[in-house]
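S.K.: Here is my input, please return the structure:
(one chain, ligands or ions: 1)
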Amino acid sequence: MKKKIAILGSTGSIGTSTLDVVSKHPDHFEVVALAGGYNVELIVEQAIKYNVKAVSLANRELAEKARFQLSSDVKVFYGEEGLSEIATRPEADFVVTAVVGSQGLKPTLAAIEAGKTIGLANKETLVSGGHIVMERARQKGVPILPIDSEHSAIFQCLQGEEHHPARRIVLTASGGAFRDKTRDALKQVSVEEALKHPTWNMGAKVTIDSATMMNKGLEVIEAHWLFDMPFSKIDCLIHYESIIHSMVEFEDSAVMAQLGTPDMRVPILYALHYPQRLPLDVERLDLARIGQLTFKEVDFDRYRMLKLAYQAGETGGTMPTVLNAANEVLVDKFLNKQISFLDIECMLASVLDQHKNIENPELEAIFEADRWARTTASNMI
Ligand code: MG
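M.R.: Here you go, the predicted model:
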């Protein structure tokens, strides 16, 4: 039977890669619902190509534009409710959550309540609401399958190891666009330079998060929830080539790693068809040609954002929500050339400092902390 898939964030880089994977295996997968943001043209094209009967856009105006171009049997939704609508479509049994930012939390929870299997690419969902999301998924018996390349790697390394507790997990990190720059040189860097990622081709927000290593910080918190690991057992390692996607060390000191050329379609397909594998024609790994793999210890003075993320994760409560929300605002300010690259971490540290943490927060407290962090970060000069 075909797996019926809804994609939240279909016009972004994970969304388009998911559609590509689906089109390579039409016997196994069918797309039934799509939620995008502002790119009307692309979502209309996707809806027609995949014969999708439900789509959602960022707002009413865009939804009306899409409405004109789609046949009358296609349902068109918009906004926050539209996202949840797509996440809970009765015809879907698998939901890929690939929207960017904390807007992913509500629809992911809605999908869990509706009993859908989750392919999770939106890390902010676990960063902000990890304690709620994992608990609800356990209660509903809903699998949460990681799509983030690092978490997919760890997940793959843990297969068949249920009775062998991991001693630690190691998340690899490319080090981002500025990995060879000194801390001093970072004072001068431009937006254009920050957007040049050495190994992965991703959206602007994630690319800046890679340069600051906040992306790794969010992934550390994500790994904490996904694999039920204390922060003291989650390490990061700079790995230049992005060939080893992450590793697990077991009690006997054996280390399992998952390798491959950097291509998101591999973890996407693994999540979509777990626990089986399907053929996929991507560039194959040729270690003889690559010659050598390069590693470097993470310097927390160099990557202060990563340190802030570990601290926020350890503190828990609403602190990770604030970390993420303030970071989103500050990255946006940097992209709009309102603040400098190093201002991002300075201002973030200051927002975290001012926050009055709430332990074990309910959803409303999470959203309140999110709003507070955004306002506080926005007002910073
Ligand atoms: Mg990643």
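
S.K.: Show the backbone phi and psi for residue 55.
M.R.: As for residue 55, its main-chain torsions (degrees, to the nearest 10) stand at phi -130, psi 160.

S.K.: how many other residues sit next to it?
M.R.: 27 (other Cβ atoms under 10 Å). In this view, the C-beta of every residue, glycine as well, is placed from N, C-alpha and C.

S.K.: ok, now residue 45?
M.R.: 13.

S.K.: In contact with the residue in the stretch 51-200 of the chain that the ion sits nearest to, which residues?
M.R.: Scanning the stretch 51-200 of the chain for the residue nearest the ion gives residue 148, at 4.4 Å (criterion: Cβ to the ion). Neighbouring residues of residue 148 by Cβ atoms under 8 Å, 6 or more residues apart in numbering: 120, 121, 123, 219, 222, 267.

S.K.: How much space separates it from residue 214?
M.R.: Using Cβ to Cβ, to the nearest Å, we find residue 148 at a distance of 14 Å from residue 214.

S.K.: Next, the contact list for residue 127, please.
M.R.: By Cβ under 8 Å, 6+ apart, the neighbours of residue 127 are 218, 221, 222, 320, 321, 323, 324.

S.K.: Could I get the pLDDT score of the residue sitting furthest away from the middle of the chain?
M.R.: Relative to the C-alpha centroid of the chain, counting by Cα atoms, centre = their mean, residue 72 is the outermost residue, at 33.6 Å. At residue 72, the predicted lDDT confidence score is 96.

S.K.: For the closest residue to the ion within the stretch 151-300 of the chain, grab the count of nearby residues.
M.R.: In the stretch 151-300 of the chain, no residue comes nearer to the ion than residue 219, which is 5.5 Å away by Cβ to the ion. By other Cβ under 10 Å, 28 other residues sit near residue 219.

S.K.: so it sits in a helix?
M.R.: Yes: according to DSSP: H, G, I helix; E, B strand; the rest coil, residue 219 belongs to a helix.

S.K.: Next, the contact list for it, please.
M.R.: Counting by Cβ under 8 Å, 6+ apart, residue 219 makes contact with 123, 148, 150, 151, 171.

S.K.: Kindly report the same for residue 312.
M.R.: 217, 221, 319, 320, 322, 323, 352.

S.K.: Same question for residue 244.
M.R.: Contacts of residue 244 by Cβ under 8 Å, 6+ apart are 153, 172, 257, 258, 259, 293.

S.K.: what are the bridge partners for it, then?
M.R.: Residue 244 forms beta bridges with residue 259, as assigned by DSSP bridges.

S.K.: Next: residue 255.
M.R.: For residue 255, the beta-bridge partners are residue 249 (DSSP bridges).

S.K.: Check it and give its pLDDT.
M.R.: Confidence score, pLDDT, at residue 255: 98.

S.K.: can you check residue 381 too?
M.R.: The per-residue pLDDT reported for residue 381 equals 76.

S.K.: Could you measure from it over to the ion?
M.R.: Distance of residue 381 to the ion, given as Cβ to the ion, to the nearest Å: 32 Å.

S.K.: any chance of the contacts of residue 219 in CSV, with distance to residue 45, secondary structure and pLDDT too?
M.R.: Formatted as CSV, those follow (distance: Cβ to Cβ, whole Å; DSSP: H, G, I helix; E, B strand; the rest coil; pLDDT from 0 to 100):
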residue, distance to residue 45, secondary structure, pLDDT
123, 28, helix, 90
148, 27, coil, 95
150, 31, helix, 98
151, 30, helix, 98
171, 35, strand, 98
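
S.K.: and which of these is nearest residue 378?
M.R.: Distance to residue 378 across the contacts of residue 219 (Cβ to Cβ) is lowest for residue 123, with 22.2 Å.

S.K.: can you map out the strands along the stretch 1-150 of the chain?
M.R.: Along the stretch 1-150 of the chain, counting by DSSP state E, counting those that start in this stretch, strands occupy 3-8, 29-35, 54-57, 75-78, 94-97, 117-120, 144-146.

S.K.: quick one: average confidence on the fourth one?
M.R.: Confidence over strand 75-78, taken as the mean pLDDT, stands at 98.

S.K.: And it, what does it pack against?
M.R.: Secondary-structure packing of strand 75-78 (3 or more Cβ pairs under 8 Å, 6 or more residues apart in numbering; DSSP states H and E): strand 54-57, helix 60-69.

S.K.: Tell me the spacing between residue 171 and residue 128.
M.R.: Applying Cβ to Cβ to residue 171 and residue 128 gives a distance of 19 Å.

S.K.: Give the residue from these two that has the larger number of neighbours.
M.R.: Shown here are residue 171 and residue 128; by other Cβ under 10 Å, residue 128 has more neighbours (28 against 23).
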